[in-house]
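Novice: what's the 3D shape of this:
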Amino acid sequence: MELFPADAYQAALATRFDAVAAPLRAWVPEGRLEHIGSSAVPGAVSKGDLDLCLIVPAAAHADTVACLQAQGYVEQQDTLRTPELCMLIAPAALPEHAVQVVAAGSEFEDFLQFRDALLADPELVQQYNAIKQAHASSGEAAYRAAKSDFIARVLQGQATPPLA
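Specialist: Numbering: from 1, shown residues only. Alright, predicted model coming up:
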């Protein structure tokens, strides 16, 4: 898979975030919309996709998913799905993006914790970039596994292993 340096995609995705945020906030006024993923972290390499996190009251999670599906969003089938987490892909009529609908107070707010950890520590960004680059040609499963391991270590506050 191809990874892009931050200067090749981040400005465009910041503009795209602004474009898709307004309708999402209108459809789900009780939600808190956050820009997550590599495009939200200065200096991070990325596949060039836009990821958002929409945090809603736990009692409103299912209704929020249904509301967005009524707007044309489609549930991503190959990702974790729980009563507190649902990944939706934008309809073709909107600029390309994915929305993680997350129940407030759930463990899945870790999307924000990971983003914030990277924002606070440029060395973590460099380590994350190196892991992604080292596994970009290893296939989607290996790439995701390497990223997941790194993310788990960061969220657990563990030092990452030295890169080989």
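Novice: Quick one: low-confidence residue ranges for this structure.
Specialist: 159-164 (pLDDT under 70).
Novice: swap the cut-off to 50 and go again
Specialist: 162-164 (pLDDT under 50).
Novice: Now find how far off-centre the lengthiest helix in the chain is within its chain.
Specialist: Of all the elements of type helix in the chain, the one with the most residues (DSSP state H) is helix 6-27. Relative to the mean C-alpha coordinate of its chain, helix 6-27 is positioned 13 Å out (Cα atoms, centre = their mean, to the nearest Å).
Novice: again, but for stretch 114-133
Specialist: Counting by Cα atoms, centre = their mean, stretch 114-133 comes out at 14 Å from the chain centroid.
Novice: returning to what we had before: elements contacting the longest helix of the chain?
Specialist: Judged by 3 or more Cβ pairs under 8 Å, 6 or more residues apart in numbering; DSSP states H and E, helix 6-27 is in contact with strand 32-36, strand 51-56, helix 61-70. Where C-beta positions appear, they are placed from N, C-alpha and C, glycine not excepted.
Novice: quick check: angle from the second one to helix 61-70?
Specialist: Right, the one you point to is strand 51-56. 130 degrees (axes from the mean of the first three to the mean of the last three Cα atoms, to 10 degrees).
Novice: So in that sheet, which strands flank strand 51-56, and in what orientation?
Specialist: In the sheet, strand 51-56 lines up against strand 32-36 (antiparallel), strand 98-103 (parallel) (DSSP bridges).
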